[in-house]
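**Q** Pasted the sequence and its predicted model underneath.
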Amino acid sequence: MDNVLTSQRFFLLLAVMASGFLLYLLGPILSPFLIGALLAYLTDPVADRLEELGVSRTAAVVIVFVILTTLITMLILLFIPKLTHQIQVMIHQIPAVIALFEEKAIPAIQAFLGDGVSFGDIESFKKLVASHWEKTGDIMAQVASGITRSGLAVVGWIANLLLIPVVTFYLLRDWDVMMDKIGHLLPRSVEPVVSRWAKESDEVLGAFIKGQLLVMLTLGFVYAVGLWLVGLDLALLLGMLAGLASIVPYMGFIVGIFAAGVAAYLQFHDPVILLWVSAVFGVGQALEGMVLTPLLVGDKIGLHPVAVIFAIMAGGQLFGFVGVLIALPVAAVIMVFLRHVHDGYKNSHLYGSDTVVDVIADEAPQEQDIGLDEQR
């Protein structure tokens, strides 16, 4: 029996390693499939809810798919052109930002800390930044020229975009069936454990994606609307940037208020505008702490922000864009695995048992008595 169990676990380990190796080999073509799988995972609960209301699975999938496609199309048509324009505006403002720090911020810091404080050669820094931006522009021009000349690259890019909705539709339609079949393929001896771990991983991942990411998107919208009401030209870009940075508590507030403050001062040249920018981020921070986090995340156990950042960076380093897409699911599984390893270690003889603790506790008074006798 033990040999059979060991063989099954060894087979499962080999299957996981083979899947990882195939993922590494097929990485360049997996992006549309992974994006489709992510969208199917996010929208499957909505389709399940519609089924509970009496709608057939196919009709529920069609309804969810139409709503999802409409929302994504509206986002692309409304926001992408504006974001592109605002990024160009931000790039042109970089010399003005450097000049602002050179003429205003650095003298103020030196006056506060003393003239002995030095910030190095500012001119060399300005030339370095300028040269890097020129190189970036040349690289982007070369990439754009190469894509334009290569019809095959354009066709491949369009094909990947068209594959995403197709993959999303079919995966969403058969999601529950596929999960059930995968469960039946597992060796019977490990199926209960793997199913329990998969359920816990789903809870961890769901708590983060359906909770924290909703908080980030909502904050990005609130910041963008607030900065737009203030009159900031880069409102959408800076609002979305602050929302994304909110993956780490208070980081979105710090990054957003600093970047928006600099942009607002460069645009209006009036220190009073900084009070309005501060008010926008103050309202957003209060909304996050009192409404969004308790309502959307609550006491769910999600992924730690530092673990999320490390997972995304590690995935991108190892597997490129595909690694970024699979980073969070893999991090959720690893988190659940480490939790069970931790519990197993705490209950093992390596950590110590209650019997050992009791023996030590019983022996401690005897040692103290012996010490007292020796002193006497």
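**A** Sure thing, it's come through.
**Q** The helix or strand Gly323 falls within: how far from the chain's middle?
**A** Here Gly323 is covered by helix 321-346, with elements defined by DSSP states H and E. Here helix 321-346 is found 15 Å from its chain centre; the criterion is Cα atoms, centre = their mean, to the nearest Å.
**Q** Could you do stretch 173-182 as well?
**A** In terms of Cα atoms, centre = their mean, the centre of stretch 173-182 is found 26 Å from the chain centre.
**Q** Mind exporting the C-alpha coordinates of it to CSV?
**A** Output in CSV follows, covering the C-alpha atoms of stretch 173-182 (Å, rounded to 0.1, in the frame of the first residue of the first chain):
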residue,chain,number,x,y,z
ARG,A,173,-18.9,27.4,-21.1
ASP,A,174,-17.1,24.2,-20.0
TRP,A,175,-15.4,25.5,-16.8
ASP,A,176,-17.2,23.3,-14.3
VAL,A,177,-17.0,20.2,-16.6
MET,A,178,-13.2,20.7,-17.0
MET,A,179,-12.7,21.1,-13.2
ASP,A,180,-14.7,17.9,-12.6
LYS,A,181,-12.8,15.9,-15.1
ILE,A,182,-9.4,17.1,-13.8
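**Q** which residues touch that stretch?
**A** Stretch 173-182 has contacts (Cβ atoms under 8 Å, 6 or more residues apart in numbering) with Ala40, Tyr41, Asp44, Ala47, Asp48, Arg57, Thr58, Val61, Leu171. C-beta coordinates here come from the backbone N, C-alpha and C atoms, glycine included.
**Q** I'd assumed His304 was in contact with Val248.
**A** No: Val248 lies out of contact with His304 (Cβ atoms under 8 Å); the separation is 9.8 Å.
**Q** one step back: buried stuff in the helix holding Gly323?
**A** Using 16 or more other Cβ atoms under 10 Å as the test for burial, helix 321-346 gives 322-333, 335-336.
**Q** and Glu103, how far is that from Val336?
**A** Relative to Val336, Glu103 is positioned 53 Å away (Cβ to Cβ, to the nearest Å).
**Q** now Ala47
**A** In terms of Cβ to Cβ, Ala47 sits 25 Å off from Val336.
**Q** next one: Glu203
**A** Taken as Cβ to Cβ, the span from Glu203 to Val336 is 9 Å.
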